[in-house]
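1. The sequence and its predicted three-dimensional model are supplied below.
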Amino acid sequence: MTEDVLTRFRIHFHKTSELRYIGHLDLHRSLERALRRANLPLDYSRGFNPRVKLNLSTALPLGCSSTTELADFWLQSELQEEQVLQALQAVVPPGLLVISIEKIDPKLPSLQSSINAISYHVKFLQDVDQVQLAGKIHEVIVAEQLIRLRRGKQYDLRPLIQALKLVQQPPDPPVLRMVLLAGEGKTGRPEEVLLELGLDPAETLIERTQLFLTE
């Protein structure tokens with residue numbers, strides 16, 4: 001069957017806190033196994049070791065949960081979205097919640113190349129001094145540069161931060177919201193922002209809440 005008749009589907013799913021320490025490769029394997037168990041007419045890569053054609057969105061930092069994960073896969077025949085959804089929901093492991101399935105244009109670019117920004121919400125496991133934190137946020141926003149080290153190399157964190165705000169909605173505790181740039185070689189990491197603010201990422205719960213895709 002030729003490539004142009006394949007049907008491309010996009011999975012919208014949550015990665016709950018139950019799986020927050022599962023890495024990107026393990027997540028990929030879990031979804032691949034679920035697709036196989038769903039008995040769908042999957043398309044596979046060519047070669048000596050065929051694999052399910054599966055394209056995940058930008059890797060989620062270890063320790064984070066998400067309500068906005070995406071993954072694309074291809075089928076070798078036309079099926080209804082609801083049929084695919086029910087088949088997949090019946091076999092995904094605990095901690096993965098498949099919310100919806102949509103059929104998309106097979107010619108669209110890959111997910112990873114389509115994402116240009118990512119939104120995160122950060123909850124605090126310990127009480128924080130909101131006045132002091134607000135001051136640190138202001139310092140980050142007005143800074144011309146925020147030079148940090150990643151894997152032994154210097155980089156400027158500041159242009160990767162599109163938005164940073166402490167939100168208080170009593171009686172709920174404050175939540176730190178951030179929107180970080182995403183792209184090849186220039187993806188902002190929420191734990192790096194927390195460290196720049198003088199916060200310990202281990203004392204927070206980080207959740208990815210939105211993926212911004214190019215039109």
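-> Cool, got the structure. Numbering: from 1, shown residues only.
2. Tell me where this protein has helices.
-> Under the criterion DSSP state H, the chain contains helices at 24-37, 81-89, 111-114, 130-142, 190-196.
3. hey, least reliable of those by pLDDT?
-> For these, mean pLDDT drops lowest on helix 111-114, to a mean of 90.
4. do you know which of the helices of the chain lies nearest residue 174?
-> Nearest to residue 174 among the helices of the chain is helix 130-142 (5.9 Å), distances taken as CB to CB. The way it works is simple: take the backbone N, C-alpha and C, and place the C-beta from them, glycine included.
5. And for residue 159, nearest residue in space, chain neighbours not counted?
-> The shortest distance from residue 159 to any non-neighbouring residue, by CB to CB, 6 or more residues apart in numbering, is to residue 181 (7.0 Å).
6. which one of the helices of the chain is the most hemmed in?
-> Stretch with highest mean neighbour count among the helices of the chain: helix 190-196 (a mean of 20; mean count of other CB atoms under 10 Å).
7. related to what we said a few turns ago, could you export the helices of the chain as a markdown table, including distance to residue 71?
-> Shown next, in a markdown table, are the helices of the chain (distance: least, CB to CB, whole Å):
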| stretch | distance to residue 71 |
| --- | --- |
| helix 24-37 | 6 |
| helix 81-89 | 10 |
| helix 111-114 | 7 |
| helix 130-142 | 32 |
| helix 190-196 | 21 |
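8. tell me the phi and psi of residue 78?
-> Here is the backbone geometry of residue 78 (degrees, to the nearest 10): phi -80, psi 130.
9. my read: it touches residue 7, true?
-> Yes - taking CB atoms under 8 Å as the definition, residue 78 is a contact partner of residue 7 at 5.7 Å.
10. and the two? which has more neighbours close in?
-> For residue 78 versus residue 7, neighbours defined as other CB atoms under 10 Å are more numerous around residue 7 (17 against 9).
11. can you pull the contacts of the closest residue to residue 102 other than its chain neighbours?
-> Leaving aside its sequence neighbours, residue 102 sits nearest to residue 10 (CB to CB, 6+ apart; 5.1 Å). Applying CB atoms under 8 Å, 6 or more residues apart in numbering, we find residue 10 in contact with 70, 71, 72, 101, 102, 103, 104.
12. Any idea what residue 177 is bridged to?
-> Taking DSSP bridges as the rule, residue 177 bridges to residue 121, residue 165.
13. domain assignment for this structure?
-> For the chain, automatic domain parsing gives the domain ranges 3-108, 115-213.
14. Next, report how far the shortest one is displaced from the centre of its chain.
-> To tie it back to what came earlier, the one meant is domain 115-213. Relative to the centre of its chain, domain 115-213 is centred 15 Å away, using CA atoms, centre = their mean, to the nearest Å.
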